[in-house]
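In: Make a model of this:
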Amino acid sequence: MRLPWNNKNNSEEQFDPEGALISLNSPKSIASEAYRMLRTNVHFSSGGQSIRVLEVTSAFPGTGKSLTAANLAITFAQAGESVVLVDADMRRPTLHEKFELPQTPGLSEAIVTGEYDKSLKDGPVEGLMVVTAGTIPPNPSELLHSDRLEEFLEEMKSRADLVILDAPPVLAVTDALVLGARADGVIFVVSLLKSDKNAAKRSLEALRGVNAKVLGAVVRGIPNHKGRYGGGYYYNDYYYYYDSGYGADESSKETATK
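Out: Residues are numbered from 1 along each chain as shown. Model (predicted):
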């Protein structure tokens with residue numbers, strides 16, 4: 001999935017703010033359809049097991065993982081499911097900006113105090129609640145390792161059909177591994193502008209090392225070639241594939257493109 005971005009700077013950080021939540025603002029676009037395809041693939045990649053907590057992560061910052069988590073949460077809510085989207089990247093939080101919500105109170109306050117209602121904020125779609133990162137703690141890893149995180153996740157599962165965690169990058173800190181071990185499935189976001197094969201391989205090995213269930217990957221940042229369909233999107237701007245380690249065997253691996 002490649003979302004609108006400022007072509008003056010070859011960086012995934014230079015996104016058009018109005019196009020960031022494209023599933024909300026342009027639900028009939030090809031990009032939004034790609035997120036709906038991803039939602040469908042998440043449903044079918046679980047190997048028959050229920051996905052209640054889904055982690056979205058990447059190898060490095062700036063790959064668009066937060067945009068993927070946000071738009072995926074919107075599409076699940078648009079389909080009638082109740083969703084809690086959690087900004088679990090307490091080192092570099094961004095979801096409060098994307099949804100124009102206050103950063104505090106948020107996840108850090110919820111974990112420390114056990115008061116969840118104050119941290120749950122209404123999203124822009126019925127059925128979607130957002131937990132922003134909250135006050136940036138000096139020790140994010142310790143908070144995420146605590147038993148209170150498990151209590152928080154159990155409470156969120158009691159309130160929604162799906163909890164989506166926007167996690168920090170795998171190779172930056174250990175937080176993503178802690179969250180991945182507690183999630184029912186992991187989506188790994190790769191950017192052709194930021195990532196490389198070795199980094200992705202190391203990240204996937206680290207996730208499997210904590211028995212995280214990697215469902216598949218989203219590939220972003222594919223070059224835009226205008227004119228073919230009168231707009232900016234090719235059908236191959238977005239890829240989702242089942243990872244061979246979980247969710248599908250060799251005979252049933254699929255590649256979905258939009």
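
In: Show me the helices in this protein, by range?
Out: 17-20, 22-25, 30-44, 65-78, 95-98, 107-113, 140-145, 147-159, 175-182, 197-209 (DSSP state H).

In: list the buried ones in the second one?
Out: Spelled out, that is helix 22-25. By 16 or more other CB atoms under 10 Å, the buried positions in helix 22-25 come out as Ile22, Ser23, Leu24. (C-beta placed from N, C-alpha, C; glycine too.)

In: about what we covered before: now tabulate the helices of the chain in a markdown table and tack on distance to Val86.
Out: Shown next, in a markdown table, are the helices of the chain (distance: least, CB to CB, whole Å):
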| stretch | distance to Val86 |
| --- | --- |
| helix 17-20 | 18 |
| helix 22-25 | 18 |
| helix 30-44 | 16 |
| helix 65-78 | 9 |
| helix 95-98 | 8 |
| helix 107-113 | 6 |
| helix 140-145 | 11 |
| helix 147-159 | 7 |
| helix 175-182 | 9 |
| helix 197-209 | 18 |
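
In: where does this protein have low pLDDT?
Out: 1-19, 46-48, 194-195, 222-258 (pLDDT under 70).

In: Can you tell me which of the helices of the chain is most buried?
Out: Of the helices of the chain, the one with the most neighbours on average (mean count of other CB atoms under 10 Å) is helix 65-78, at a mean of 26.

In: Would you mind pulling up the elements that it packs against?
Out: helix 22-25, helix 30-44, strand 53-58, strand 83-87, helix 95-98, strand 128-131, strand 162-166, strand 185-191 (3 or more CB pairs under 8 Å, 6 or more residues apart in numbering; DSSP states H and E).

In: Tell me which strands the last one pairs with, and in which orientation.
Out: Right, the one you point to is strand 185-191. Note on strand 185-191: by DSSP bridges, its sheet partners are strand 53-58 (parallel), strand 214-220 (parallel).

In: quick one: the residue most central in space within the chain and Glu97, what's the gap?
Out: Against the mean C-alpha coordinate of the chain, by CA atoms, centre = their mean, the closest residue is Ala69 at 2.7 Å. Distance, Ala69 to Glu97, by CB to CB, to the nearest Å: 14 Å.
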